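Engineer: Take this sequence and fold it.
(2 chains, ligands or ions: 2)
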Amino acid sequence: MPEPIIQMHNVSLIYPNGTRGLNAIDMTINRGEFVFLVGHTGSGKSSLMKLIYREHDPTSGAVYVEGIEISDMKRSQIPFLRRRIGVIFQDFRLLGHKTVYENVAYALQVTGVSRYVMPRKVNKALTLVNLQDKADRLPNQLSGGEQQRVAIARALINDPIILLADEPTGNLDPDSSWDIMQILSKVNVSGTTVVVATHNQQLVDVMQKRVIVMNRGEMVQDVEHGRYATSALGPMPTL
Amino acid sequence: MASIAPNNQPAPSDSAEKRQLTADSQDQPAESRPQAAGPAAPNAETASASAASQSQSAAPGQDAGATLNAAKDKASSAAPESRAISAASEATSAGSQPAPAEAASGQAGAAPQHSDTSLEQNGKAANKTEPKAAPAPAAKINDAVPPPPVLKPLPPGTAAPRKPALVQKSSSKKKNKKFPSIAPPSPGDAAAQAAPADDEAPRKRYTPSGGYYLECFLREVVTNIRRNPMMSIASISTAMVLALILGMFTLVIANLDQLAQELAREMQIKVYMANSFPSEEAQECQEHLLRIEHVTGVVFVPKSEAFAKLRERLGGRISLEDIEQNPLPDAFQVSVDDPKYLDDTAQRIHEITTVEKVDYGRDEASKLLALNKTVRLAGFVILGLLFASTILIVSNTIRLTVFARRKEIDIMQLVGAADWFIRWPFILEGVFQGLIGASLSALALDLGYRLVVPHFQRSIAFIPVILPNAIIPYLWLGLTLMGCAVGAIGSLISVNRYLKA
Ligand SMILES: Nc1ncnc2c1ncn2[C@@H]1O[C@H](COP(=O)(O)OP(=O)(O)OP(=O)(O)O)[C@@H](O)[C@H]1O
Ligand SMILES: [Mg+2]
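Structural biologist: Numbers count the residues shown, from 1 in each chain, chains lettered A, B, ... in the order given. Ligands and ions are numbered 1, 2, ... in the order given. Sure, this is the predicted structure:
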């Protein structure tokens, strides 16, 4: 029986400057699902994710994670929500003054993980994304793809129940992209709900997962085992 | 909502499914290698698709009934599963090795290491029950799975009885206290937290203490300063210069104040007795004077002594030999505890009948008192202004350094750092910078003052300079405390601003 883990009821998001980020989104993602979020640039994929880990509050409507309305959540509770959601940010959001190792370790430290366990966990995560040799570099000494992989390691380190990956392969070559997809699949197989925003048509087509298509802040299509439906994307926004 | 209804799927079928999943995913690493090489490889599709469908069929089973039996079953089936997944993760992470060797090493390596990859823990997380349906068995599973021995091939069922309900209860209570997760009985947190702890399970259970966080924060401060020395230098030097100015003014004003007080203190009331005053009563009179309020000391100057002094002062230029009878009266020198009582006390003494004349330099006294007041007032005003501007400038500097790191504060919040976890390193850093700046200036003032004071004493001996040992320790104390306080408060205010944003 599917158990909803992320739900949105009639969610709209209008940014302070008046931009409409999302419009009347109704959506349910069940525990253990693997969902692709596709759509033109500016269609609201990142905005949708930001509501889930509560970087923004919806202007109207309600967002539930594990059945709990997160906009009701007390400020002091937000960190605990975020520790259970791994986020691979589109812009990586690495801590510039911390090394690769420290960036990943920080996500563990905030939960108070024992320092005896930490090195092993962090090194495993770095090995997983094949960055074990660059553990002591600062982010600005890494290529874009390497930074992205640091972000991935950090998102996975706390064994999240939900993994939100915003363009996790945006800066990677096809081979590395597939490696990352493998990692995401395995995380998913082990029970984590995975949501991936992507422009990578090939990935979406091959993986045959649920595909949600966004256009101008609205959900225009939602297919199980879907493909990257170019037709559903609608016209490109005028640039 | 669906999540509230307990799922009544029978336990046995659930565990059967799990075993199937286990078998499947164990095969996966070997199979999935070509996938990485050729993106569109058809077997990649099927592999991941089947994996996904497995996981979906596994998921509902997770919240199977809340009976102990189900929990046992799950625990036992979970063990091989997580082993398989960790093997898989080993395989992917190993990079460009040839596929078969890799799969083999993955499987061989996983068991002895009782590896702690995140994937393996995700395996555990997969077993978690949904929060509302059956929290208790979930926690039990999470506790039951991880201890290292479980990862060695065990006959199903061995792992389950290992954790009595009691253990589970206490550990989940601890977790709820330390990690009040969104859903009160929270399997997710239990999984996330139980996992690291369980790695150490045989040795000790780890709960983060104040010391753990203190070490965390201090490390953070040290690396911040090391990686970003210019910011620290800016803050420290600002603090230093300001503390230097503040300390210098304090020294000058304290000395002026001391001077004014000293001058005032030297003012005494000279009490001239009538000629008829019998010198034998001097003792008695002295005691009487001492009993008057505010009088702290009375010195009797007999007329003979006064005469001798006079003679000495004249230095023999005028012969006093001709004067047979000493014309000078007996006198007392009366000192009072505070110069402002001079007037009052003189009045009272004058009322004594045997007193002929009282003299205390009324004009001088009032001038000195006025000077004293002015010095104090000016001192307070100047120091107050300096203090205020010091705080303003230092906290502004700190604000700038914090501002430069507002993005980092954002990121820290986004990866789940609690406010206090972000705040403390900044506060400690502010304290450190304030302390170093203030100490440096205190050191400079210390050395400078000790160097200057002897010069003063030699050249203008009558000025009662405050001795270094009488003021320098207080200067150290005051400046360092102030440095710490300003640093801490400045950081706190600036960090809070970006935390709330
Ligand atoms: N902080 C913000 N303030 C104002 N407008 C914003 C903000 N963030 C996003 N927007 C606007 O909201 C809309 C949706 O943006 P969003 O980032 O969700 O798009 P996206 O689908 O993630 O695009 P991309 O594929 O380029 O990442 C866009 O029109 C964007 O300009
Ligand atoms: Mg985006």
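
Engineer: pLDDT below threshold where in chain B?
Structural biologist: B:1-208, B:315-324, B:461-463, B:501 (pLDDT under 70).

Engineer: how is it carved up into domains?
Structural biologist: Domain segmentation of chain B under automatic domain parsing yields B:4-144, B:169-205, B:215-260+B:368-500, B:268-360.

Engineer: in the sheet, who's paired with the residue nearest the centre of chain A?
Structural biologist: Nearest to the mean C-alpha position of chain A, by Cα atoms, centre = their mean, lies A:Leu164 at 1.9 Å. Judged by DSSP bridges, the bridge partners of A:Leu164 are A:Val87, A:Val195.

Engineer: Quick check: pLDDT value at it.
Structural biologist: What the model reports as pLDDT for A:Leu164 is 97.

Engineer: Next: the one 5 residues further on.
Structural biologist: Confidence at A:Thr169, expressed as pLDDT, is 90.

Engineer: list the contacts for it?
Structural biologist: Each residue near A:Thr169 by Cβ atoms under 8 Å, 6 or more residues apart in numbering or on different chains is listed here: A:Gln148, A:Ser176, A:Ser177, A:Ile180, A:Met181, A:Thr198, A:Asn200, A:Leu203. Every C-beta, even on glycine, is put in place using the N, C-alpha and C of the backbone.

Engineer: Need the CA coordinates for the helix or strand in which the third one is found. CSV is fine.
Structural biologist: Here A:Ser177, judged by DSSP states H and E, is contained in helix A:174-189. The C-alpha atoms that make up helix A:174-189 are tabulated as CSV, following Å, rounded to 0.1, in the frame of the first residue of the first chain:
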residue,chain,number,x,y,z
PRO,A,174,27.8,11.2,-19.7
ASP,A,175,29.8,8.5,-18.0
SER,A,176,29.8,10.3,-14.6
SER,A,177,26.2,11.1,-15.0
TRP,A,178,25.4,7.4,-15.3
ASP,A,179,27.5,6.7,-12.2
ILE,A,180,25.6,9.3,-10.3
MET,A,181,22.3,7.8,-11.6
GLN,A,182,23.5,4.4,-10.4
ILE,A,183,24.1,5.8,-7.0
LEU,A,184,20.7,7.5,-6.9
SER,A,185,19.1,4.2,-8.0
LYS,A,186,20.8,2.3,-5.3
VAL,A,187,19.8,4.8,-2.7
ASN,A,188,16.3,4.5,-4.0
VAL,A,189,16.4,0.7,-3.9
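
Engineer: Look at whatever residue of chain A ends up closest to chain B and say how many residues are nearby.
Structural biologist: When you check chain A against chain B by Cβ to the nearest Cβ, the closest residue turns out to be A:Gly191, at 2.5 Å. Using other Cβ atoms under 10 Å in any protein chain shown, A:Gly191 has 24 other residues around it.

Engineer: With the one 5 residues further on instead?
Structural biologist: Neighbour count for A:Val196, taken as other Cβ under 10 Å: 29.

Engineer: Report the closest residue of the stretch 251-400 of chain B relative to chain A.
Structural biologist: Closest point on the stretch 251-400 of chain B to chain A, by Cβ to the nearest Cβ, is B:Leu400, at 15.9 Å.

Engineer: what about the residue nearest to that residue when sequence neighbours are not counted, which helix or strand?
Structural biologist: Ranked by Cβ to Cβ, 6 or more residues apart in numbering or on different chains and with sequence neighbours excluded, the top spatial neighbour of B:Leu400 is B:Ala234, at 7.8 Å. Element membership for B:Ala234, per DSSP H and E: helix B:229-265.

Engineer: what's in contact with the helix or strand following that helix?
Structural biologist: Note on helix B:229-265: by DSSP H and E, the next helix or strand toward the C-terminus is strand B:269-273. The contact list for strand B:269-273 (Cβ under 8 Å, 6+ apart) reads B:285, B:289, B:329-336, B:342, B:345-346, B:349, B:354-360.

Engineer: Those residues, buried ones only, as a PyMOL selection?
Structural biologist: Isolation of the buried members of the contacts of strand B:269-273 (16 or more other Cβ atoms under 10 Å in any protein chain shown) is achieved in PyMOL through the command below:
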select buried, chain B and resi 285+289+329+330+331+332+334+335+336+342+345+346+349+355+356+358+360
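
Engineer: right, and the residue nearest to B:Leu400 touches B:Asn396 too?
Structural biologist: No. The criterion here is Cβ atoms under 8 Å, and B:Ala234 misses it with B:Asn396 at 10.9 Å.

Engineer: Which stretches in the stretch 301-450 of chain B count as helices?
Structural biologist: Secondary structure of the stretch 301-450 of chain B by DSSP state H, counting those that start in this stretch: the helices cover B:303-314, B:342-350, B:362-403, B:406-414, B:419-459.
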